[in-house]
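Colleague: Test case, fold it:
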Amino acid sequence: MAEAVLQVENLSASYRKNTVLFDVNFVVQAGSLVGIVGPNGAGKSTLLKTILNLHPSLTGSVKFFGLPFNKVQKRIGYVPQRGSVDWDFPTNALDVVTMGLYGQIGWLKRPSRLHKQKAFEALEKLGMADYADRQISQLSGGQQQRVFLARALVQNADLYFMDEPLAGVDAATERAIMTLLKELKALGKTVMVVHHDLQTVEDYFDHVLLLNRTVIQYGKTKQIFTRENISRTYGGDLRWLREESLHVHNPIK
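Modeller: The predicted model follows:
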């Protein structure tokens, strides 16, 4: 059986006294590509932030590779929502990616030629080598997202968390990102992705976590991603989704 890379038990969190997550429990095995799916306000982004100690928890525990976060932080990569980043900060694409190596370089040391080369190769992998010297404010949304993915890639983490990396990007960028994520999975990496497009879940993810403040279901996509479970997650039937565009099992009759 694959190693448990993430174990979440009885996790709860709130914003301004409003409970956003309650009694969240799941275990993720190594080499999984997991889609986190649920309606707006379901706590998807908060789940990632709470797991990563970026937001306080009320109850519960989180273990990574059987250890607390501060013991394995260098093995974990995080890509926040693009909208949460100050893209007007005066720096170029190569420097942004190089920042992903500061855990190896040290914050007060200058990156070496080898570090810069690693960063450039990560940009190259995402089709952004020609934009290495471009100011990030001059990049399109899809290009900015590729740079952010390159920064995570250069960390060479074992477990990645990505908050809506496909939101608002063009079709070519979406394909490039999904190709990268599937390559990471093939290398034995584990990737958890907040995702909003139900129509692509089955094509993109081998596991799915259906979330609406708590875990509705979690498991292999082929077994869990049913019309009944989606309806439970979103709080009603999904007549607004055409049957032919949502290829899920056990459709509601």
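Colleague: Straight-line length of stretch 152-161, end to end?
Modeller: End-to-end span of stretch 152-161 (Cα to Cα, to the nearest Å): 9 Å.
Colleague: Could you report the neighbour count for Leu159?
Modeller: Residues lying near Leu159 (other Cβ atoms under 10 Å) number 20. Just so you know, the C-beta spots here come from the backbone N, C-alpha and C atoms, and that holds for glycine as well.
Colleague: Run through the residues that contact it.
Modeller: Counting by Cβ atoms under 8 Å, 6 or more residues apart in numbering, Leu159 touches 5-6, 64-65, 75-77, 189-192.
Colleague: let's see 6 Å
Modeller: Residues near Leu159 by Cβ atoms under 6 Å, 6 or more residues apart in numbering: 5, 76, 190.
Colleague: where does the second one fall, phi/psi-wise?
Modeller: So that's Ile76. Ile76 has phi and psi values of phi -120, psi 130 when expressed as degrees, to the nearest 10.
Colleague: what are the bridge partners for it, then?
Modeller: Per DSSP bridges, residues listed as beta-bridge partners of Ile76: Leu159.
Colleague: Quick check, pLDDT for it.
Modeller: For Ile76, the pLDDT comes out at 92.
Colleague: Likewise for Leu238?
Modeller: In this model, Leu238 is scored at 57, pLDDT.
Colleague: What of Lys71?
Modeller: With respect to pLDDT, Lys71 has a value of 92.
Colleague: what pLDDT does the closest residue to it other than its chain neighbours get?
Modeller: With sequence-adjacent residues excluded and distances taken as Cβ to Cβ, 6 or more residues apart in numbering, Lys71 is closest to Phe64, at 7.9 Å. We have a pLDDT of 97 for Phe64.
Colleague: now Ala157
Modeller: Value listed for Ala157 in the pLDDT field: 90.
Colleague: for Pro56, helix, strand, or coil?
Modeller: Following DSSP: H, G, I helix; E, B strand; the rest coil, Pro56 is assigned to coil.
Colleague: burial of it, as a residue count?
Modeller: By the criterion of other Cβ under 10 Å, Pro56 has 9 neighbours.
Colleague: cool, Glu9 as well?
Modeller: 14.
Colleague: who does Val193 bridge with?
Modeller: Gly35, Met162.
Colleague: Poorly predicted segments of the protein, please.
Modeller: By pLDDT under 70, the low-scoring segments of the chain are 1-2, 83-87, 102-109, 236-253.
Colleague: I'd like to know how far the residue nearest in space to the middle of it sits from Ser32.
Modeller: By Cα atoms, centre = their mean, the chain has its centre lying nearest to Met162, at 1.8 Å. Using Cβ to Cβ, to the nearest Å, we find Met162 at a distance of 13 Å from Ser32.
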